[in-house]
Every structure is written in structure tokens, then in C-alpha cells.
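Chemist: take a look and give me a structure for this.
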Amino acid sequence: MEAYLVAIAIIGAIYVLLTLGLTLQYGLTGLVNFGHVGFFAIGAYASAIVSMQGVPLVASFAFAALLAALAAWPIGLVALRLRDDYFAVVTLGFGETVRLAITSEKWLTNGVQGIPGIPRTFAGLGVGLPGALATLAAITLVCVAAALALRRITRSPFGRVIEAIRDNEEALKALGKDPARFKIQVLALGAALAGIAGAFYAHYITYLSPDQFIPLVTFYVWMAMIMGGVGRVSGAVVGALLLMLFLEGTRFLRDIAPDAISGVAMASLRLGAVGLALILFTLFRPQGLVGDYTRR
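Modeler: Model (predicted):
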């Protein structure tokens, strides 16, 4: 039971990092990113591939963040030329392009067969509970550092500029500010957080395949942000943990009537329960759990 709870906590912390990145991009800046899973995949595969070549894990994590941030740069250039709805379609296409590239480039990613045997974050502690607890402690520290950094950004001049981009970009241009530079920086920072989350995921699961990086992952991150509170750092944390509670809690629905619900039906039921929760939040708590009720 302890190992199960620790595993859920680790995956939840990974989603916290993903949600913090999306909160910076959409919640604070207003950039609609439907391809967040693409940066998650880039970070996971980048760290896994270089670590299996003997690169230390700290360097592989840094490489994952850097490569994900660099991948966001051309997306940022596209954002300068497109409206929000068209940019959302471009990011969705980017996420699928990354997944298809992972599938087709067998010489690098081993295609659909995936990459097994990825080094664990704390391999010296073994594959049991001690190693998992050490991984949980490490990713928790990274989440705390990322949340504190994001909170500091929101209270800085940089944070006020990106919030102005979200609220009224034309007014910001009239004041002589260039939104282009800030959009690219925000996309890169959010992508770097997703890349770090991908690195933790790769070294915890120790196996990667393209099927793990489908658009549904991006939908889950959006749901976590909406439930917690758009534009709130604390909302990203609360929403991601609440998401894991929904996803894992619905696993036990089958125990109510094990003979009446098949495995396939159970998967659909879980997804339906998550969707219903999102609808209820949208109707009765659109600002999220920790959002500002005066700004619906």
C-alpha cells in the first residue's frame, strides 16, 4: 500500500510541474497551448537517450529542459503571427508531430518498441520503496522551487507585463512594450518545466513509448489548471493533486459491481467521471478552487 501511495504521489508531482508550466503560458500570459505533451515527450526522450550514453543524470535533466525550451522557440515565433484560436491549432499539431517523429525515427527512439532500461533517478537505492521515496523527495523539492520561482515572477515587472499581454495586448503595445519577446520567453520557460517533468517521468517509469504521450495528457493538465484556478500558482498545485485523486479514485468504482462493469467500460467510465467533474467546475466554480471569485 505504501508503494502504491508513493507512486501516485510521484505521478501527481510530475503533473504539478506540467500544470505550473501551463499556468505560466496560459494562466498568466494567455497563450493557448494544446501541445504541452510535446514538450513533455521531448524532455523524457532527451534525458533518457543521453543518460543511457553515460551522461550524469543532473546533466541529462538540464539537457531535457534546454532542448524543450529550444523546441518552444519556433512555436513562439509562430505565436507572433497568429490569433489565439489559430495558435491553439498549431500547438495541437506540434504535439502530434512530436509523437509521430518519435514513432518514425527508430534509429534514435526505437519507434513503437520504445526505450527500456532507462536508469533510475536513485539507482543506488534499488527499485523498492527507498528509491521511490528519494525520487519523491527530489521531485517535491523541484516543484517547490518552481512554484516559488513562478510566484516571484508574478510579482515582478516581468510578471506584470505578461499579465498585460493576457488582458490587453494592444494597450501594452501602445505603451511601447514589445509582446513578442515576452511571449517567446514564457513559452520557453513553460516548455522547460514540461521537459523537467518528462525527465522525471522517464527515469521513474524506466520505459518510454510513443503511446505514453497522447493528447489526452494535455487535456489532463488543462483540467488540473481549470480545477485549481487559472492564473494561480497555488491553483496549479491543488488542481494537479485533485486530478490525481479523480483519476486514481475512479479506479475503485469497479469494486462496487465487479461483475457488471468490464475493463473497457471501466476506462470509459473513468474518463466520463473526469469530464463530468470538469463540467461541474465550469458551471459552479469557473474560477477554480483557489481562484478569485470576483474575477469569474
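Chemist: the strands in this structure, which residues?
Modeler: Remark: no strands are assigned in the chain by DSSP state E.
Chemist: let me see the ranges of the helices in it.
Modeler: 2-22, 36-51, 57-79, 84-104, 106-109, 129-154, 157-167, 169-174, 179-205, 215-228, 233-249, 263-284 (DSSP state H).
Chemist: contact partners for Ala188?
Modeler: Going by CB atoms under 8 Å, 6 or more residues apart in numbering, Ala188 touches 69-70, 72-73, 76. (Glycine included, C-beta is placed from N, CA and C.)
Chemist: Val274: which of these is nearest?
Modeler: Ala72 (27.4 Å; CB to CB).
Chemist: so who does the residue nearest to the closest one when sequence neighbours are not counted touch?
Modeler: Spatial nearest neighbour of Ala72, excluding adjacent residues (CB to CB, 6 or more residues apart in numbering): Ala191 at 3.7 Å. Residues counted as contacts of Ala191 (CB under 8 Å, 6+ apart) are 21, 39, 42, 68-69, 71-72.
Chemist: can you pull the pLDDT of Ala191?
Modeler: pLDDT, the model's per-residue confidence, is 96 for Ala191.
Chemist: just the one 3 residues further on next, same as before
Modeler: The predicted local confidence for Ala194 comes out at a pLDDT of 97.
Chemist: quick revisit: reformat the helices of the chain as TSV; add distance to Val290.
Modeler: Output for the helices of the chain, formatted as TSV (distance: least, CB to CB, whole Å):
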stretch	distance to Val290
helix 2-22	13
helix 36-51	21
helix 57-79	27
helix 84-104	25
helix 106-109	39
helix 129-154	13
helix 157-167	17
helix 169-174	26
helix 179-205	19
helix 215-228	6
helix 233-249	5
helix 263-284	12
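Chemist: can you tell which of these is closest to Ala123?
Modeler: With CB to CB as the yardstick, what comes closest out of those is helix 129-154 (7.4 Å).
Chemist: which elements pack onto the closest one?
Modeler: helix 2-22, helix 179-205, helix 233-249 (3 or more CB pairs under 8 Å, 6 or more residues apart in numbering; DSSP states H and E).
Chemist: okay, these, which one's buried deepest?
Modeler: helix 179-205 (a mean of 25; mean count of other CB atoms under 10 Å).
Chemist: give the rounded mean pLDDT of stretch 168-178.
Modeler: For stretch 168-178, mean pLDDT is 82.
Chemist: brain fart, stretch 22-37
Modeler: pLDDT averaged over stretch 22-37 gives 93.
Chemist: next: stretch 229-243.
Modeler: 90.
Chemist: could the C-alpha coordinates of that stretch be exported in PDB?
Modeler: Written as PDB, here are the backbone C-alpha positions of stretch 229-243 (Å, rounded to 0.1, in the frame of the first residue of the first chain):
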ATOM      1  CA  GLY A 229      -7.700  28.100 -10.600                       C
ATOM      2  CA  VAL A 230      -6.400  29.700 -13.800                       C
ATOM      3  CA  GLY A 231      -3.600  32.100 -13.200                       C
ATOM      4  CA  ARG A 232      -2.900  31.000  -9.700                       C
ATOM      5  CA  VAL A 233       0.300  29.200  -8.700                       C
ATOM      6  CA  SER A 234      -1.400  27.500  -5.700                       C
ATOM      7  CA  GLY A 235      -4.200  26.500  -8.100                       C
ATOM      8  CA  ALA A 236      -1.800  24.600 -10.300                       C
ATOM      9  CA  VAL A 237      -0.600  22.600  -7.300                       C
ATOM     10  CA  VAL A 238      -4.100  22.000  -5.800                       C
ATOM     11  CA  GLY A 239      -5.600  21.200  -9.300                       C
ATOM     12  CA  ALA A 240      -2.900  18.600 -10.100                       C
ATOM     13  CA  LEU A 241      -3.300  16.800  -6.800                       C
ATOM     14  CA  LEU A 242      -7.100  16.900  -7.200                       C
ATOM     15  CA  LEU A 243      -6.800  15.500 -10.700                       C
END
